[in-house]
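# Pasted the sequence and its predicted model underneath.
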Amino acid sequence: MRERLVAIGASAGGVQALLRLIGALPQDFSAPILVAVHLSPDMPSSLPTVLGRVTPMRTAFASEGMRLSPGTITIAPPGAHMLVEDGRLTLSAGPKEHGERPSIDPLFRSAAEAHGEHVIGVLLSGSLDDGVAGLARIVAAGGTALVQSPDDAVHPSMPLQALRRVPVEATLPADELGRAIAMRVSEQELAMSLGDDGSAAAASSESTIEEMPKQASTGITCPACGGAIWELREDGVTVLRCHIGHTYGLESFADAQLNDIESALWEAVRVLEERRALLTRMADSAERADRTLSAKRLRAVAADLDAKGDAVRRLVEGLLEPDGPLDPMAIRSPTADVP
């Protein structure tokens with residue numbers, strides 16, 4: 001018999017929402033709760049301690065092989081995807097998804113495969129689109145999808161993308177989500193007590209890149225490794241994935257591309273400035289040797305390079321301005337606000 005399970009995903013602005021959601025749960029809440037938040041492996045996190053201040057439930061980072069335990073909140077640790085398998089948690093250092101590890105989608109996919117219709121998937125505040133494809137997988141497996149109201153989210157992009165692409169059961173402010181989760185878990189407990197053994201099969205979940213059909217080559221390359229990118233259609237949601245397994249939604253891929261463009265343009269500025277500096281030194285040397293015409297030509301080329309460097313610099317700054325040609329506020333993901 002499959003057990004009840006709550007899987008929650010959050011990114012920028014999501015910790016505040018998570019605190020409100022957890023704080024609204026009853027003190028005797030019995031289902032296991034799994035949480036994936038975008039955590040940097042380069043910074044220590046006290047998220048379990050922070051969550052523990054608003055709930056009597058036990059809170060901890062996941063460890064390899066940890067059993068699912070009722071009435072506990074388990075969090076994906078920095079630098080690892082958290083997956084559900086046979087009543088236990090496994091940690092994966094596999095390819096980043098949406099530029100993140102831990103990512104929300106791997107948790108949601110594995111939860112759907114392992115617990116099917118007994119999963120409640122919840123997507124909170126965050127930028128870009130991590131968690132959207134995973135939430136669609138939960139719905140395809142018969143589970144329930146809940147989303148924080150966009151107007152209640154600090155960063156509404158993830159909730160908005162989910163509402164556009166996934167048949168969500170309800171969208172509510174964070175504290176009301178806590179009460180809704182408690183109500184649905186109680187309903188599941190009642191149904192099981194009346195004889196529903198939870199044996200309905202979950203939708204098939206392709207968990208590895210080798211098993212996933214490559215539907216269309218895009219002609220673009222992965223920002224992380226340079227490999228070919230394939231476009232997949234998973235449970236009605238478009239996913240971009242390379243042969244290594246780096247995975248993106250359309251918004252997170254656009255963000256990664258913007259980072260690559262920015263890096264390439266700043267590299268061009270550096271090369272142009274170094275070339276200008278070299279030609280200026282050569283012009284100085286020519287003047288000392290009374291080669292006036294050579295010095296003049298060298299300074300003219302150096303001035304032209306200086307102007308081109310300024311033009312490239314303005315192009316970079318235009319890309320990164322809110323009113324520039326590509327609005328980063330719509331696609332760039334701020335670091336999650338994790339203590």
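It's in. None of these values were measured; they are calculated from a predicted model.

# Now for the protein: which helix has the highest residue count?
helix 250-288 (DSSP state H).

# Which elements pack onto that one?
For helix 250-288, the elements it packs on are strand 237-242, helix 292-320, helix 328-331, judged by 3 or more CB pairs under 8 Å, 6 or more residues apart in numbering; DSSP states H and E. Using the backbone N, CA and C atoms, a C-beta is placed for each residue, glycine as well.

# Off-centre distance for the helix or strand that comes right after the first one?
Looking back up the chat, that one is strand 237-242. Once strand 237-242 ends, the next helix or strand along the chain (criterion: DSSP states H and E) is strand 247-248. On the basis of CA atoms, centre = their mean, to the nearest Å, strand 247-248 is displaced by 9 Å from the centre of the chain it belongs to.

# Endpoints of stretch 47-59, how far apart?
9 Å (CA to CA, to the nearest Å).

# where do the helices sit along the stretch 51-200 of the chain?
104-115, 132-140, 157-165, 174-193 (DSSP state H, counting those that start in this stretch).

# hang on, the earlier thing: how about the helices and strands packed on helix 250-288 in a markdown table, adding distance to residue 28?
As requested, these are exported to a markdown table (distance: least, CB to CB, whole Å):
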| stretch | distance to residue 28 |
| --- | --- |
| strand 237-242 | 36 |
| helix 292-320 | 49 |
| helix 328-331 | 42 |
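
# where along the stretch 1-150 of the chain do the strands fall?
With strands called from DSSP state E, counting those that start in this stretch, the stretch 1-150 of the chain shows them at 5-10, 33-37, 58-61, 72-75, 81-85, 88-92, 119-123, 144-148.

# other SSEs contacting the second one?
Other helices and strands packing on strand 33-37, by 3+ CB pairs under 8 Å, 6+ apart, are strand 5-10, helix 14-23, strand 72-75, strand 81-85, helix 104-115.

# if you set the cut-off to 6 Å instead, what comes out?
strand 5-10, strand 72-75 (3 or more CB pairs under 6 Å, 6 or more residues apart in numbering; DSSP states H and E).

# Thank you, goodbye.
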